[in-house]
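Asks: Kindly generate the corresponding structure for this input.
(3 chains)
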Amino acid sequence: MIQTLEPLIREHPFFQGLAEPYLRLIAECATNVRFAEGEVLFRQSDPADHFYLIREGLVAVELMIPHRGHTTVLTAGAGEVLGWSWLFPPYRWHFDARALQPTRALAFDGKCLRTKCDEDHDLGYDLFRRFTQMMTTRLESTSLQLMDLYGANA
Amino acid sequence: MAQTLEHPGAETLSAQCMLPDLYRIQRLRMETDDTFTLEMVPEGDHARFSFLPGQFNMLYVFGVGEVPISISSDPSSAPTIQHTTRVVGTVTKAMGDLKPGDSIGIRGPFGTHWPVEQSTDRDILIVAGGIGLAPLRPALFWLMSHREQYRKVVLLYGTRSPEDILYRHELEHWRGKFDLEIQVTVDRAASTWRGNVGVVTTMIPRAPFDPSNTTAFICGPEVMMLFTVMELRKRGVAADRTFLSMERNMKCGIGWCGHCQFGPVFVCKDGPVFRLDTIERILGKVEI
Amino acid sequence: MGTSPLQVKDTAVIEARHLEQLFDALIEQGYEVIGPTVRDGAIVIEKLSSPGQLPIGWTEEQDAATYRLKPRNDRAYFGYSLGPQSWKRFLQLPVQRLWRAERSNGGFRIVPEPAPDVRRAFIGVRACELHAIEIQDRIFLGSTFIDSDYRSRRDVFIVAVNCTCAGGTCFCVSMGSGPKAVSGFDLALTEIVDTERHYFLVDVGSERGAVLLSKLPQSRASAAEKEAGYQVVSETSRHMGRTLNTDDLKAILYASYDHPRWDHVAARCLSCANCTMVCPTCFCTTIKDATDLTGQAAERWKEWDSCFTTEFSYIHGGSVRASVRSRYRQWLIHKLATWNDQFDSSGCVGCGRCITWCPVGIDITEEVRAIRATEPISMGQRHDSNT
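Replies: Model (predicted):
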């Protein structure tokens, strides 16, 4: 008896309200994954074939800056999503990601999802709406982060 | 610990309210490379000084000037009091050069306070940004010493970098001892930091409080407070259960000089703690 | 001659030549008399020793950015409207030391300034100015913190004057603050000058006013004399130089923070602060702490300030109101709207000084008219005249 990942997808905030038929479709592209503390999820310019729904733990998105070393851009924790490079060519990661704590996540195969979206545009619309919303929120938060609000002349 | 919050310093007087009382510096502690906490005790018979969490004093450095700074210590430790400030100008710089035994002038306490007594039996959500944690610290002391009167107490604290985290040991102590949920995040960090990176508002969607039964206290840079208010609204926290601490230029602290006006309200006497619905109309409007 | 003692609300009559005796009676009672006089081409307010120093036979021509003294064809003492100064300079001093401090015993010691020891009488206070004083009373005497210096200076013997000519920029009628003085004075004079007689009707406003007046040769005003007084003041109210519609004004201004008119006025406003200096209700001050060269002695001073300065709203490395647009808006909306929520009255008494003394002639009544004329455009909010 194969236990499906549908319940886990259904309960994740990112897919709140997803219609049942779509749930089944995308579950076919999903796998359960774990990362140990310190384990690398992906590296900059690696092929970006996945996105992750973090269920538990904390992942740091980092950039390696010459002379400065690894700088953390942001962290993603339980209930958050990591990765949108699978959406558009050239499908390559722009950052590194590393688990700061033991992390459990659902990994979704990008190629699998893109194919399903091509076949079912309504599914595609739903997914792209969710990702667009997540990206605009991320953009807003990043703008605030960059403003150095707590700096000396905030 | 049945300390009632009667409004102290209800001074209907006059010549006294522009005269500083003398305090002696007991300690100066560097919190970060540009932020410090001064601890002081009253000289003479001001032993009756007491304050409510969220109130501020006007601090005078001899011959240099006077600035408004929130009181950042435990109200139950008064009349020994602390102020945490960052060096931003001539007065704060001179303050940072004070030594134990030096004198400092205090006028206060002034302003409105975090309504801790009126918020019992509720979840308390505290969102602090940068040095905004300082005016909230007295409220945290109060909540911890009356812990059983509140349901969940959650602190979301965002600051610039791990080196800028204030009161680190105290936060650890509270987290361990008092059933206080603390989540800390920074805007930037080297990879040695194992905690959250990102603005404090990103922690609100999943913070463990019940929006229908929560009182929120927010303090930090104005932009940060605006975005926090937006996130709280999205989660359904009522505007009349959300409180902000505002800041404006102050010269007198007592409603005469006119500098601290924010629309119709004076931050020194109608604030600095404001209930959101009373200022929502002008909050976020440019150049008010 | 009236035989029964004068009482509050009585009206008496004194001949103009007996004004000298009013002065003498005030000085004899230990009052320092402050009143209007001509100096440097304007009618200013100073200490006076005789009524001969009043602006006898002078009137003013006032309009936006215009003030000229003009001779009258009679010898009226008070035949003008308002000069640039208001009585607030004697109640809240423009520059004032609050205390001195000196280092001692490793710390320092603060020595407060002694309370002022002066009794003053103001002569020539207009109805609008009485309102302005009462408005400032609410700020300094009406809240948790009472300004004791203001309180000491506030016990002034006031001889008010009902206006018999309206100024070119006056709009007290619109603001409900004149031209007739109804309260807040000890005595109120209405000057009647015609070819036959020159006299003053004197309204008694207080016990001590009655006592002082009874020392002068006076008689009860006849019906005809009272009618003459009534007529001249009514005539004044019909000749206001400006009007301002206050209907719903607070709500309209609250909805107009983003009105394009602010850009229009900002293009002209120099943020010179003249308006705040001449306004009888503007009360903002700043505190200056200073030390001497040895660093052993320090002082704290309080000085008049203006919301038009760039530093007024400075925090954390910048000013909240950096643009002229925001500063003019702050002033007008404070004066005509937020003041109501702060002190339960308008902040404007319609004296018109801000119009006269603005170097570029910005007219508060015109600005309000322009804002009313178009719909406020803040984010789809519409002005609902029923709110």
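Asks: Tell me which helix or strand the closest residue to A:Met64 other than its chain neighbours sits in.
Replies: Leaving aside its chain neighbours, A:Met64 sits nearest to A:His70 (5.5 Å; criterion: CB to CB, 6 or more residues apart in numbering or on different chains). Quick note: C-beta positions are derived from backbone N, CA and C, even for glycine. Secondary structure from DSSP states H and E places A:His70 in strand A:69-77.
Asks: Could you pull out the buried residues of that strand?
Replies: Neighbour-count burial for strand A:69-77, with 16 or more other CB atoms under 10 Å in any protein chain shown as criterion, is recorded at A:Thr71, A:Thr72, A:Val73, A:Leu74, A:Thr75, A:Ala76, A:Gly77.
Asks: show me the contacts for the closest residue to the third one other than its chain neighbours.
Replies: What it means is A:Val73. Once flanking residues are discounted, A:Val73 sits nearest to A:Val61: 4.8 Å by CB to CB, 6+ apart. Taking CB atoms under 8 Å, 6 or more residues apart in numbering or on different chains, we find A:Val61 in contact with A:Thr72, A:Val73, A:Leu74, A:Thr75, A:Ala76, A:Leu82, A:Phe95, A:Asp96, A:Ala97.
Asks: Now pLDDT and distance to C:Thr59 too, for those, in a markdown table please.
Replies: Formatted as a markdown table, those follow (pLDDT from 0 to 100; distance: CB to CB, whole Å):
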| residue | pLDDT | distance to C:Thr59 |
| --- | --- | --- |
| A:Thr72 | 91 | 76 |
| A:Val73 | 90 | 74 |
| A:Leu74 | 92 | 73 |
| A:Thr75 | 95 | 77 |
| A:Ala76 | 95 | 78 |
| A:Leu82 | 94 | 81 |
| A:Phe95 | 92 | 79 |
| A:Asp96 | 93 | 83 |
| A:Ala97 | 95 | 83 |
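Asks: ok, these vs C:Leu212, which is closest?
Replies: A:Leu74 (78.7 Å; CB to CB).
Asks: neighbours around the residue of the stretch 151-288 of chain B found nearest chain A, how many?
Replies: In the stretch 151-288 of chain B, the residue that lies nearest chain A is B:Ser191 (3.7 Å; CB to the nearest CB). B:Ser191 has 17 neighbours, counted by other CB atoms under 10 Å in any protein chain shown.
Asks: quick one, what contacts it?
Replies: A:Ala60, A:Glu62, A:Gly69, A:His70, A:Thr71, A:Thr72, A:Arg98.
Asks: Repeat the analysis, applying 6 Å as the threshold.
Replies: A:Glu62, A:His70, A:Thr72 (CB atoms under 6 Å, 6 or more residues apart in numbering or on different chains).
Asks: ok, it to B:Met203 distance?
Replies: Separation of B:Ser191 from B:Met203 (CB to CB, to the nearest Å): 21 Å.
Asks: Next: B:Val184.
Replies: 9 Å.
Asks: Could you tell me the end-to-end distance of stretch C:351-371?
Replies: Using CA to CA, to the nearest Å, the end-to-end distance of stretch C:351-371 comes to 21 Å.
Asks: buried sites along it?
Replies: Buried-residue list, stretch C:351-371, by 16+ other CB under 10 Å: C:351-358, C:362-368, C:371.
Asks: and if you look at stretch C:275-294?
Replies: For stretch C:275-294, by 16+ other CB under 10 Å, it's C:275-289, C:291.
Asks: hey, C-alpha coordinates of it in PDB?
Replies: Presented in PDB, the C-alpha positions along stretch C:275-294 are these (Å, rounded to 0.1, in the frame of the first residue of the first chain):
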ATOM      1  CA  CYS C 275       3.000  84.000   9.600                       C
ATOM      2  CA  THR C 276       3.900  82.100  12.700                       C
ATOM      3  CA  MET C 277       5.600  85.000  14.300                       C
ATOM      4  CA  VAL C 278       2.700  87.400  13.800                       C
ATOM      5  CA  CYS C 279       0.000  84.900  14.500                       C
ATOM      6  CA  PRO C 280      -1.500  85.500  18.000                       C
ATOM      7  CA  THR C 281      -2.200  81.800  18.600                       C
ATOM      8  CA  CYS C 282       1.000  80.100  17.300                       C
ATOM      9  CA  PHE C 283       2.700  78.800  20.400                       C
ATOM     10  CA  CYS C 284       5.600  76.600  19.300                       C
ATOM     11  CA  THR C 285       8.900  76.900  21.100                       C
ATOM     12  CA  THR C 286      12.300  75.300  21.100                       C
ATOM     13  CA  ILE C 287      14.600  74.600  24.000                       C
ATOM     14  CA  LYS C 288      18.200  75.600  23.800                       C
ATOM     15  CA  ASP C 289      20.800  74.200  26.300                       C
ATOM     16  CA  ALA C 290      24.100  76.000  26.400                       C
ATOM     17  CA  THR C 291      27.200  76.200  28.500                       C
ATOM     18  CA  ASP C 292      29.800  78.800  29.100                       C
ATOM     19  CA  LEU C 293      33.400  78.600  27.800                       C
ATOM     20  CA  THR C 294      34.600  77.100  31.100                       C
END
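Asks: Let me see the backbone angles for the residue lying closest to C:Asp147 once chain neighbours are set aside.
Replies: If the residues on either side of it in the chain are set aside, C:Asp147 comes closest to C:Phe140, at 4.0 Å by CB to CB, 6+ apart. With angles defined as degrees, to the nearest 10, C:Phe140 sits at phi -100, psi -20.
Asks: that's a strand at B:Met250, yeah?
Replies: No. Secondary structure of B:Met250 (DSSP: H, G, I helix; E, B strand; the rest coil): coil, not part of a strand.
Asks: what's the distance between it and B:Arg24?
Replies: 24 Å.
Asks: for C:Ser104, same thing?
Replies: 13 Å.
Asks: Likewise for A:Ala36?
Replies: 55 Å.
Asks: More neighbours: these two, which one.
Replies: Per other CB under 10 Å, whichever of A:Ala36 and B:Arg24 has more neighbours is B:Arg24, with 17 against 10.
Asks: Tell me who's in contact with that one.
Replies: Applying CB under 6 Å, 6+ apart, the residues contacting B:Arg24 are B:Val41, B:Glu43, B:Ser103.
Asks: For the second one, the count of nearby residues, please.
Replies: Neighbourhood size, B:Glu43 [other CB under 10 Å]: 15.
Asks: nearest residue to it other than its sequence neighbours?
Replies: B:Leu22 is the one closest to B:Glu43 (CB to CB, 6+ apart), at 4.5 Å.
Asks: For C:Phe122, give me the pLDDT.
Replies: pLDDT for C:Phe122: 98.
Asks: Just give the number of residues close to it.
Replies: By other CB under 10 Å, neighbour count at C:Phe122 equals 24.
Asks: Report the strands that pair with the one helix or strand C:Phe122 maps to, each with its relative direction.
Replies: Using DSSP H and E, C:Phe122 maps to strand C:120-125. Sheet pairing for strand C:120-125, assigned by DSSP bridges, gives strand C:32-39 (parallel), strand C:157-161 (parallel).
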